[in-house]
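Q: what's the 3D shape of this:
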Amino acid sequence: MSAPPSRSLRTICLVALGLCLGGMPAGADEPALDDGAPSIILGDQTPADFLDLIGQRTKARWRLLFRPPPPTPPTDRGRAALLLGGLMADSFLIWQAGDSQQFRNNNQEVLSYCRMLGLGEKLLPRLMAQGKMAESNEWKELRSEIVDSHQVLIRMLREQRDDDLAVLIDLGLWLRLLEIVSSVVVENDTVEVRPLCIGSPVILQEIRDDYNRLGMPKHEEPMIKHIGAVIEEISVLWRSATPTAPTAEQVTKTHEKLKEIMQVMLEKQP
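A: Next up, the predicted model:
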């Protein structure tokens with residue numbers, strides 16, 4: 001049986017968006033929002049598109065969301081895959097900020113984790129090319145390259161039958177993206193912005209689907225089980241929310257739970 005397709009492209013529905021995406025980081029000139037835009041837009045979106053949409057609906061201070069480098073790659077391949085996914089999410093965050101030095105630093109961490117998973121030499125040329133693009137401020141080209149490299153990594157893992165690792169990288173990436181976005185929403189707390197906290201119910205459901213596709217042995221690992229429980233708590237929280245008007249408390253609790261997941265990923269397991 002062939003592996004299921006990658007869920008790296010998410011179906012996102014966001015409130016009041018009528019924008020042409022992509023091209024330059026958020027610091028560049030952007031088109032004005034169209035107040036007459038349709039209330040919901042559906043479409044397959046990359047992580048780069050997702051942060052574009054958030055940045056165009058809020059006053060995101062991306063640089064404040066940078067975080068320290070992760071620990072040395074662990075020997076636990078599952079945990080390493082989750083952390084690598086988070087680092088790839090940071091690539092998209094740093095792209096939004098247009099910080100070439102931070103991008104190159106983060107790419108070194110990405111390479112270290114890829115090497116731990118046995119993919120370092122295969123991805124080294126791409127990562128080196130990305131560093132040069134950042135140094136030369138070739139932001140449009142870099143955007144396409146980091147989207148493609150995420151897809152290539154997932155495909156490589158599936159081809160070598162490491163489906164669980166591919167799922168864990170996607171989980172790490174999207175959970176880190178939601179942590180980033182929830183931070184932005186908490187800082188810009190208004191009724192209009194709150195629904196962006198989880199991007200859309202569809203994203204949250206697809207994260208749950210990803211988790212459920214992990215093999216049963218993975219589900220029994222304490223760290224994975226903890227992450228699954230917190231994902232379910234967030235799902236219950238938003239299941240009870242009015243889609244267009246979640247409360248400040250729901251947003252705050254979601255942010256706290258996403259931070260908890262990030263901490264669980266970083267902590268060395270006994």
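Q: for residue 88, what are its contacts?
A: 47, 110, 146, 150, 153, 169, 172, 173 (CB atoms under 8 Å, 6 or more residues apart in numbering). For the C-beta atoms, the positions are set from N, CA and C on the backbone; glycine is no exception.
Q: is it inside a helix or a strand, and which specific one?
A: Assessed by DSSP states H and E, residue 88 sits inside helix 77-97.
Q: pLDDT-wise, which helix or strand of the protein ranks last?
A: Scoring the helices and strands of the chain by mean pLDDT, DSSP states H and E places strand 40-41 at the bottom, with a mean of 36.
Q: any low-confidence regions in the protein?
A: The model of the chain has pLDDT under 70 over residues 1-44, 241-244, 269-270.
Q: now the contacts of residue 88 in CSV, with secondary structure?
A: Listed next are the contacts of residue 88 as CSV, based on DSSP: H, G, I helix; E, B strand; the rest coil:
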residue, secondary structure
47, helix
110, helix
146, helix
150, helix
153, helix
169, helix
172, helix
173, helix
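Q: tell me the one of those residues nearest residue 122?
A: Using CB to CB, residue 153 is the member of the contacts of residue 88 that sits closest to residue 122, with 9.0 Å.
Q: surely the closest one touches residue 169?
A: Yes. With contact defined as CB atoms under 8 Å, residue 153 counts as touching residue 169 (6.7 Å).
Q: got the contact list for residue 84?
A: 110, 113, 114, 117, 169, 172.
Q: in what helix or strand does the third one lie?
A: It refers to residue 114. helix 100-116.
Q: tell me which helix or strand comes right after that helix.
A: helix 120-135.
Q: what's in contact with that following helix?
A: Outside helix 120-135, the residues that reach it (CB under 8 Å, 6+ apart) are 100, 103-104, 107, 110-112, 114-115, 139, 141-142, 145-146, 149, 152-153, 156.
Q: where along this protein do the strands fall?
A: In the chain, the strands defined using DSSP state E lie at 10-11, 14-15, 40-41, 44-45.
Q: look up how far residue 134 lies from residue 255.
A: Distance of residue 255 to residue 134, given as CB to CB, to the nearest Å: 29 Å.
Q: about what we covered before: farthest pair within the contacts of residue 84?
A: 114 and 172 (13.3 Å).
Q: count of residues packed around residue 135?
A: 12 (other CB atoms under 10 Å).
Q: show me the contacts for residue 81.
A: 117, 164, 165, 166, 168, 169, 172.
Q: how much space between it and residue 92?
A: On the measure of CB to CB, residue 81 and residue 92 end up 17 Å apart.
Q: and if you look at residue 69?
A: Taking CB to CB, one finds residue 69 at 17 Å from residue 92.
Q: now the helices: where do they sit in this structure?
A: For the chain, the helices defined by DSSP state H cover 47-57, 77-97, 100-116, 120-135, 139-159, 163-187, 201-213, 216-219, 222-239, 248-266.
Q: could I get those as CSV with distance to residue 63?
A: Below are these laid out as CSV (distance: least, CB to CB, whole Å):
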stretch, distance to residue 63
helix 47-57, 12
helix 77-97, 5
helix 100-116, 8
helix 120-135, 15
helix 139-159, 15
helix 163-187, 12
helix 201-213, 24
helix 216-219, 35
helix 222-239, 26
helix 248-266, 18
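Q: ok, residue 197 to residue 172 distance?
A: In terms of CB to CB, residue 197 sits 19 Å off from residue 172.
Q: just residue 50 next, same as before
A: In this view, residue 50 and residue 172 are 15 Å apart by CB to CB.
Q: now do residue 149
A: Where residue 172 is concerned, residue 149 sits at a distance of 15 Å (CB to CB).
Q: the two: which is more packed in?
A: Legend: neighbour count by other CB under 10 Å for residue 149 and residue 172, higher for residue 172 (25 against 20).
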